[in-house]
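Undergrad: Need coordinates for the following:
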Amino acid sequence: MGYHSRINNAFEGALRLPLNMQSRYVIFSDCHRGIGKANDNFTKNEFIYIAALNYYFHRDFTYIELGDGDELWENRNMNAIKDMHQHSFDVLAKFFKQNKFYSVYGNHDIVKKYSRYADLNFCSYYCDNNMCTKELFPNITFYSGIILESKTQNNIYLTHGHQADFLNSTLWHLSRFLVRYIWKPLESLGIPDPTSAAKNNKRKNSTEKKLTNWAKQNQHILITGHTHHPMMGTGNSPYYNTGSCVSPYGITCIEIYDGCIHLIKWALDSTDEQIVYVSRSELDKRNCMVL
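TA: Down below sits the predicted model:
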């Protein structure tokens, strides 16, 4: 099966959400929430991430996570991830309770596609602050793809993007084994994973070319994550990428509101008085649509 077929399959039976001028969506990908050890690259940006989540929650955005939210190749225990990042899950649970949280799975959290795994691991979490168990995402479904559906056919297609990479999709069991037992220990020595589209520029370029080709040939706006490389599409090349939450320079995401797609960066900044704060800046705005 080629990558075109794998991407097409991601949208078979996809969840469809309404897209109109009143819609307000924020799309994150590749948080890679871990267990707080040296290889948990999310930890250094968690404060920024929580500030961004609170901003979107109070402005009535719907949160969509495009896969690899949790690092389940390097780590086996989802409970340890929930324990480490309780504050983040506390805010995400608030979105879910208002029916404003949706998620697709990526390659690093592909086990979420199994309903039994989701039921066992995402119904609740333990909150240390209140010393009690709280609801997280009870009865959640993690999707392979989501379609934001417009009455004017200006639909937006959302998936993680690993479908363009044979090793990280069809052979994901092998890739997970290599990451867990070979590349994870070598990464601590400064040796990057050569199979990763995020860490290997040749694989990144190849994956992005395939995703761009799919978007152009199908004349669909396609938004993915996977490569950790924030991108804004054009009319001739309608492929977008959210970036990630594990960059050393902050986190990026995509906002959709007023019919426009916005690429946003969140980072730490300081005033002239040396007061540190979390800043939101718009990197690009394109593709304002008739909805």
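
Undergrad: Endpoints of stretch 59-72, how far apart?
TA: 31 Å (CA to CA, to the nearest Å).

Undergrad: same deal with stretch 158-174?
TA: End-to-end distance (CA to CA), stretch 158-174: 25 Å.

Undergrad: where along the protein do the strands fall?
TA: For the chain, the strands defined by DSSP state E occupy 15-18, 24-28, 62-66, 101-104, 124-127, 132-135, 146-149, 156-158, 221-224, 239-241, 251-257, 260-270, 276-286.

Undergrad: What segments of this protein are helices?
TA: In the chain, the helices defined using DSSP state H lie at 3-10, 46-58, 78-84, 86-97, 115-121, 166-169, 172-178, 184-187, 201-218.

Undergrad: Can you report how many residues neighbour the residue nearest to Ser144 when sequence neighbours are not counted?
TA: The shortest distance from Ser144 to any non-neighbouring residue, by CB to CB, 6 or more residues apart in numbering, is to Ala10 (4.4 Å). C-beta here means a position set from N, CA and C on the backbone, and glycine is covered the same way. Per other CB atoms under 10 Å, the neighbour tally for Ala10 reads 23.

Undergrad: Quick check: the gap between Ala10 and Phe61.
TA: Going from Ala10 to Phe61 by CB to CB, to the nearest Å gives 24 Å.

Undergrad: who's Arg24 bridged to?
TA: On the basis of DSSP bridges, Arg24 is bridged to Tyr257.

Undergrad: about what we covered before: columns mean pLDDT and mean neighbour count on top of the strands of the chain, output as TSV?
TA: Formatted as TSV, the strands of the chain follow (pLDDT from 0 to 100; neighbours: other CB atoms under 10 Å):
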stretch	mean pLDDT	mean neighbour count
strand 15-18	97	14
strand 24-28	98	23
strand 62-66	98	25
strand 101-104	98	24
strand 124-127	84	17
strand 132-135	88	12
strand 146-149	97	20
strand 156-158	97	26
strand 221-224	97	26
strand 239-241	97	25
strand 251-257	97	23
strand 260-270	95	17
strand 276-286	89	13
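
Undergrad: Format those strands as TSV; extra columns: distance to Phe47.
TA: Below are these laid out as TSV (distance: least, CB to CB, whole Å):
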stretch	distance to Phe47
strand 15-18	29
strand 24-28	15
strand 62-66	18
strand 101-104	20
strand 124-127	18
strand 132-135	21
strand 146-149	28
strand 156-158	27
strand 221-224	26
strand 239-241	24
strand 251-257	10
strand 260-270	8
strand 276-286	7
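
Undergrad: So which of these is nearest Lys204?
TA: Closest approach to Lys204 among those (CB to CB): strand 239-241, 10.2 Å.

Undergrad: Which residues does that closest one contact?
TA: With CB atoms under 8 Å, 6 or more residues apart in numbering as the test, strand 239-241 has contacts from 161, 208, 211-212, 214-216, 221-227, 229-233, 254, 261, 263.

Undergrad: try it again with 6 Å
TA: Leu211, Thr212, Ala215, Leu222, Ile223, Thr224, His229, Pro230, Met231, Met232, Gly233 (CB atoms under 6 Å, 6 or more residues apart in numbering).

Undergrad: Let's see if you can find the most crowded of the residues you listed.
TA: In those, the most neighbours by other CB under 10 Å go to Thr224, 33 neighbours.

Undergrad: From the chain's centre, how far out is stretch 240-257? Work that out for me.
TA: 9 Å (CA atoms, centre = their mean, to the nearest Å).

Undergrad: Would you mind extracting the C-alpha trace of it into CSV?
TA: Extracted C-alpha coordinates of stretch 240-257, given in CSV (Å, rounded to 0.1, in the frame of the first residue of the first chain):
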residue,chain,number,x,y,z
TYR,A,240,0.2,23.1,6.5
ASN,A,241,2.1,21.8,9.6
THR,A,242,1.4,22.8,13.2
GLY,A,243,5.0,22.3,14.3
SER,A,244,5.5,20.9,17.8
CYS,A,245,5.6,21.6,21.6
VAL,A,246,9.1,20.3,22.1
SER,A,247,11.2,23.0,20.3
PRO,A,248,13.9,24.7,22.5
TYR,A,249,12.5,28.0,21.4
GLY,A,250,8.8,27.6,22.4
ILE,A,251,5.8,25.9,21.0
THR,A,252,3.8,26.4,17.8
CYS,A,253,0.2,25.7,16.8
ILE,A,254,-2.4,26.6,14.2
GLU,A,255,-5.5,28.7,15.0
ILE,A,256,-8.6,28.7,12.7
TYR,A,257,-11.1,31.5,13.3
